[in-house]
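Engineer: sequence unknown, structure follows:
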């Protein structure tokens, strides 16, 4: 079932990115500070925070950016592994300069673990951020991503993320 969902999302993202001939592909790495609220063995709605890591692959045109994300965070007490697809609307055109604010939405699937508790399920949320062109092939992305979960074990997470993307 999970493979079918990922394949479906990949097809949708590929078709939406390929719809314009002017799209630019990118691949990148991200690091962030993530706060998790989920259940542990003894405490409901337990909060913890730690550094998160991720890889990203996507395409961007004059108005939109589509991206696949794989993220991981482990605070010791709680951990989340997630696969997301993100759609961002660019508030200014990349041709207007190297400072591009955006707002977007994401969805996907996540696996949550804490003390003797495991759960997985669909996740969804939104993000807001800015892309700064450092060089023609290199961009810095700073954003805040808020994610809600349909799992009984994981409530939500929030991440302040910095990413470096190589454009091809």
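Structural biologist: Everything's here; your move. Remember, predicted model here, so these are calculated numbers, not experimental data.
Engineer: so residue 163 touches residue 29, yeah?
Structural biologist: Yes. Look at residue 163 against residue 29 with Cβ atoms under 8 Å: they come within range, at 6.6 Å. Every C-beta, even on glycine, is put in place using the N, C-alpha and C of the backbone.
Engineer: Just want to know which of the two has more residues nearby.
Structural biologist: Neighbour tally, residue 163 and residue 29, criterion other Cβ atoms under 10 Å: the higher count belongs to residue 163, 22 against 13.
Engineer: Which strand residues bridge residue 56?
Structural biologist: As for beta bridges, residue 56 partners with residue 28, residue 69 under DSSP bridges.
Engineer: ok, it to residue 124 distance?
Structural biologist: From residue 56 over to residue 124 the distance is 18 Å, taken as Cβ to Cβ, to the nearest Å.
Engineer: what about residue 115, how many residues close to it?
Structural biologist: What residue 115 shows, counting by other Cβ under 10 Å, is a neighbour count of 12.
Engineer: just to revisit the earlier point, which of residue 56 and residue 124 has more neighbours?
Structural biologist: The residue with the greater number of neighbours, taking residue 56 and residue 124 and applying other Cβ under 10 Å, is residue 56; the counts read 21 against 14.
Engineer: ok, that one to residue 32 distance?
Structural biologist: Distance, residue 56 to residue 32, using Cβ to Cβ: 12 Å.
Engineer: Repeat that for residue 117.
Structural biologist: Residue 117 sits at a distance of 24 Å from residue 32 (criterion: Cβ to Cβ).
Engineer: Tell me which of the two has more neighbours.
Structural biologist: The neighbour count for residue 117 versus residue 32, taken as other Cβ under 10 Å, is higher for residue 32 (21 against 15).
Engineer: Nice, that's everything, thank you.
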